[in-house]
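> structure for the following, please:
(chains A, B, C and D)
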2 protein chains.
Amino acid sequence: MAKPDKRDEIIRAALEMIAEQGFHGSPMAELAKRAGVGAGTIYRYFENKEVLIAELYRELEERVYPVLLEGYSTERPVRERFLQLGSALLRYFIEHPLDFRYLEQFHNSPYGVECRRAKLFGENGKQDVCRELFLDGIAAGEFKELPLPVLFALAFGPLLAVTRDHILGFVALDEGLIARTVEACWDAVRSQALDQ
Amino acid sequence: MAKPDKRDEIIRAALEMIAEQGFHGSPMAELAKRAGVGAGTIYRYFENKEVLIAELYRELEERVYPVLLEGYSTERPVRERFLQLGSALLRYFIEHPLDFRYLEQFHNSPYGVECRRAKLFGENGKQDVCRELFLDGIAAGEFKELPLPVLFALAFGPLLAVTRDHILGFVALDEGLIARTVEACWDAVRSQALDQ
DNA sequence: GATAGAAGAATGAACGTTCATTCCGCCTGC
DNA sequence: GCAGGCGGAATGAACGTTCATTCTTCTATC
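As a prediction, this is how the structure comes out:
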């Protein structure tokens, strides 16, 4: 874990390059150059490219989680938790566009699909806060009565789409817009007692 | 247009293979085999792989549009149009998963980004029905006052996410679920006169 | 209608390039 | 002086693309 810093350089350079150029636009030779190491050195730290990609994903996830959960409390009402989680997610990705781009690439790869299946079905080792929040919301009748994957799609689909648009420069998200966007997502998932 | 059928075979095989295996998992040699033509033949019909990919996208788009617009009328109220378009989209992709997978791949490629920019900014040659609908909705005060890209994200983000989940088998969409999902998207974009 | 010859469509082996991975000599710290 | 980390040239597999050749279709002539 607390290994030498060549490994860190490789990880850092890989994140940067893959986020910018995608998996297939990222040859190991260029990675070596960007990381300031020899091509062979990479293989001292990672068995092969695939392992490097998966490892980087794992490290990213571990970097993101704590930030999202800052000040998060299971005690708060569902709505409040939802808004907090949603805007924390948006904020994090806006501040770390490379992380976003990388995760996006990863999720669109075959390996990413397995990962998503695990998330949805709760086979995840770590206590999954999102899943917990949604199950709470359903139980309390605060969410629409829809299957979990649909609720997830309603909540996170727009957040990811809007983040991509922001990073690509199609829209400029500020604090106010972030809040209103997440609230719109809440409107999508919440059960509405009232009619149009 | 009404060219020989070798071209059609190549297009068909390309859609199938790329939808299943992605751009980079689809060598021209295998495409040739699947299409039942020689490798060189492909290059009689398409300048290179990139052109083939773009051409296939164009043809797909032209296949999808008419289906979405069946029975669509600009005269109807915004809400009704929204629900109709949304569920038509969902239904089409569920019936044509290969089309969906291909379009998804394409949109996540560099070329796809340019395409999206054009869509959002209305530089599109053909009259874009979605854009028109959303501008109508904003003008009539039926939509939340949010930038167009955010509204697009709220509406289509979940639809695409839920379609992917359906195709991957994470959820089973039927007519009822489709309707309720699109209605939830409507809740996200519509301006709510009432409070929580 | 039959046939020879031209035109162009189709083929797939071969080419050059790119890439992940390996290998081996070098250098550094002890 | 030596053990092990390191660099980067070497390797071979895989790929997109090309091109000399073969096959098919059409046309002109009798």
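> show residues contacting the host helix or strand of A:Phe93.
A:Phe93 belongs to helix A:78-95 when elements are defined using DSSP states H and E. Residues outside helix A:78-95 that contact it (CB atoms under 8 Å, 6 or more residues apart in numbering or on different chains) are A:64, A:67-68, A:70-74, A:76, A:99-100, A:129-130, A:133, A:136-137, A:140, A:142-143, A:155-156, A:159, A:162-163, A:166-167, A:173, A:178-179, A:181-183, A:185-186, A:189-190, B:196. C-beta coordinates here come from the backbone N, C-alpha and C atoms, glycine included.
> which outside residues touch stretch A:172-185?
Counting by CB under 8 Å, 6+ apart, stretch A:172-185 makes contact with A:82-83, A:86-87, A:90-91, A:94, A:154-155, A:158-159, A:162-163, A:166, A:171, B:144, B:146-147, B:150, B:153-154, B:188-189, all of which sit outside it.
> and that stretch, what's buried?
Taking 16 or more other CB atoms under 10 Å in any protein chain shown as the basis for neighbour counts, the residues of stretch A:172-185 that come out buried are A:173, A:177-178, A:181-185.
> now those in JSON lines, with distance to DNA strand D and pLDDT?
Formatted as JSON lines, those follow (distance: CB to the nearest atom of the strand, whole Å; pLDDT from 0 to 100):
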{"residue": "A:Leu173", "distance to DNA strand D": "37", "pLDDT": "97"}
{"residue": "A:Leu177", "distance to DNA strand D": "41", "pLDDT": "98"}
{"residue": "A:Ile178", "distance to DNA strand D": "41", "pLDDT": "98"}
{"residue": "A:Thr181", "distance to DNA strand D": "39", "pLDDT": "98"}
{"residue": "A:Val182", "distance to DNA strand D": "41", "pLDDT": "98"}
{"residue": "A:Glu183", "distance to DNA strand D": "45", "pLDDT": "98"}
{"residue": "A:Ala184", "distance to DNA strand D": "41", "pLDDT": "98"}
{"residue": "A:Cys185", "distance to DNA strand D": "39", "pLDDT": "98"}
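> dump the helix or strand encompassing A:Ala188 to CSV, restricted to CA.
Applying DSSP H and E as the criterion places A:Ala188 in helix A:175-189. What follows is helix A:175-189, C-alpha atoms only, in CSV (Å, rounded to 0.1, in the frame of the first residue of the first chain):
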residue,chain,number,x,y,z
GLU,A,175,-23.8,26.3,-6.6
GLY,A,176,-27.3,27.5,-7.3
LEU,A,177,-27.7,25.4,-10.5
ILE,A,178,-26.4,22.3,-8.7
ALA,A,179,-29.0,22.7,-5.9
ARG,A,180,-31.8,23.2,-8.4
THR,A,181,-30.7,20.2,-10.5
VAL,A,182,-30.6,17.9,-7.5
GLU,A,183,-34.0,19.1,-6.4
ALA,A,184,-35.4,18.3,-9.8
CYS,A,185,-34.0,14.8,-9.4
TRP,A,186,-35.8,14.6,-6.1
ASP,A,187,-39.0,15.6,-7.8
ALA,A,188,-38.5,12.6,-10.1
VAL,A,189,-38.1,10.0,-7.4
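> now the angle from that helix to helix A:78-95?
Between helix A:175-189 and helix A:78-95, the angle comes out at 130 degrees (axes from the mean of the first three to the mean of the last three CA atoms, to 10 degrees).
> could you look up the SS state of A:Glu50?
What DSSP: H, G, I helix; E, B strand; the rest coil gives for A:Glu50 is helix.
> near it, how many other residues are there?
Here the neighbour count serves as a burial measure; for A:Glu50 (other CB atoms under 10 Å in any protein chain shown) it reads 12.
> and A:Ala35, by the same measure?
Residues near A:Ala35, counting by other CB under 10 Å: 22.
> list the contacts of the residue nearest to it when sequence neighbours are not counted.
Among residues not flanking A:Ala35 along the chain, A:Ala13 sits closest, at 3.9 Å (CB to CB, 6 or more residues apart in numbering or on different chains). Applying CB under 8 Å, 6+ apart, we find A:Ala13 in contact with A:31, A:34-35.
> tell me which of those residues is nearest to DNA strand D?
Closest approach between these and DNA strand D, by CB to the nearest atom of the strand: A:Ala35, at 8.3 Å.
> just checking, that closest one touches A:Arg12?
Yes: counting by CB atoms under 8 Å, A:Ala35 sits close enough to A:Arg12 to count as a contact (7.4 Å).
> near DNA strand C, which residues of chain A show up?
Residues of chain A that fall close to DNA strand C, judged by CB under 7 Å from any atom of the strand: A:25-29, A:39-40, A:42-43, A:48-50.
> need the max-distance pair from these.
Taking CB to CB as the measure, these span a maximum distance of 21.7 Å, between A:Gly25 and A:Gly40.
> just the buried residues of the helix-or-strand element of chain A with minimal mean pLDDT, please?
Scoring the helices and strands of chain A by mean pLDDT, DSSP states H and E places helix A:110-120 at the bottom, with a mean of 76. Applying a neighbour-count criterion of 16+ other CB under 10 Å, the buried positions in helix A:110-120 are A:112, A:115-116, A:119-120.
> check what pLDDT the residue nearest the centre of chain A gets.
Within chain A, the residue whose C-alpha comes closest to the C-alpha centroid is A:Leu103; the distance, by CA atoms, centre = their mean, is 5.9 Å. With respect to pLDDT, A:Leu103 scores 95.
> for A:Leu194, same thing?
55.
> also A:Ala179?
A:Ala179 is assigned 98 on the pLDDT scale.
> what number of residues lie near A:Pro24?
If you look again at residue A:24, you'll see it is His, not Pro. A:His24 is flanked by 12 other residues according to other CB under 10 Å.
> quick check: phi and psi at it.
Comment: the main-chain dihedrals of A:His24 come out as phi -80, psi -10, following degrees, to the nearest 10.
> count the neighbours of the residue of chain A found nearest DNA strand D for me.
Distances between chain A and DNA strand D by CB to the nearest atom of the strand are smallest at A:Gly40, namely 1.6 Å. When counting by other CB under 10 Å, one arrives at 9 neighbours for A:Gly40.
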